[in-house]
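Chemist: Give me a 3D structure for the following:
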Amino acid sequence: MTAAKQLMALIRERLAYPSGALNGNGDLTRRELEILKIIATGFSTKGVAQKIHVSPATVRNHVQSILTKLGIHSRLEAVARATQYHLL
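Modeler: Next comes the predicted model:
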């Protein structure tokens with residue numbers, strides 16, 4: 001693929017998704033990014049809570065915030081989007 005085609009593909013990709021999902025960490029806080037990284041390794045809500053010393057309810061709240069900010073509906077989508085945009 002030529003450099004021009006790569007550039008055009010990148011431009012199309014960036015226009016296809018909300019800017020928050022593309023700028024490195026979007027509107028995600030450091031804590032939300034930390035939780036997203038832990039979820040990507042396979043931890044459950046309870047496991048994440050134990051690892052970062054918070055309640056499971058707090059983890060669920062952070063996860064819901066992540067999903068809302070990224071405009072998606074599942075943890076799997078969150079991990080896929082984060083991987084796609086090199087957030088992990």
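Chemist: How about residues contacting stretch 71-84?
Modeler: With contacts defined as C-beta atoms under 8 Å, 6 or more residues apart in numbering, stretch 71-84 is touched by 18, 21, 36-37, 39-40, 63, 66-67, 70, 87-88. For every residue, glycine as well, the C-beta is placed using N, CA and C.
Chemist: and if we set it to 6 Å?
Modeler: 18, 36, 39-40, 66, 70, 88 (C-beta atoms under 6 Å, 6 or more residues apart in numbering).
Chemist: just for the chain, where's the confidence low?
Modeler: Scanning the chain for pLDDT under 70 picks out 1, 7, 10-26.
Chemist: where along it do the helices fall?
Modeler: When assigned using DSSP state H, the helices of the chain occupy the ranges 3-16, 30-40, 45-52, 56-70, 75-84.
Chemist: Let's have the ones you listed in JSON lines, adding mean neighbour count.
Modeler: Below are the helices of the chain laid out as JSON lines (neighbours: other C-beta atoms under 10 Å):
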{"stretch": "helix 3-16", "mean neighbour count": "10"}
{"stretch": "helix 30-40", "mean neighbour count": "18"}
{"stretch": "helix 45-52", "mean neighbour count": "16"}
{"stretch": "helix 56-70", "mean neighbour count": "17"}
{"stretch": "helix 75-84", "mean neighbour count": "16"}
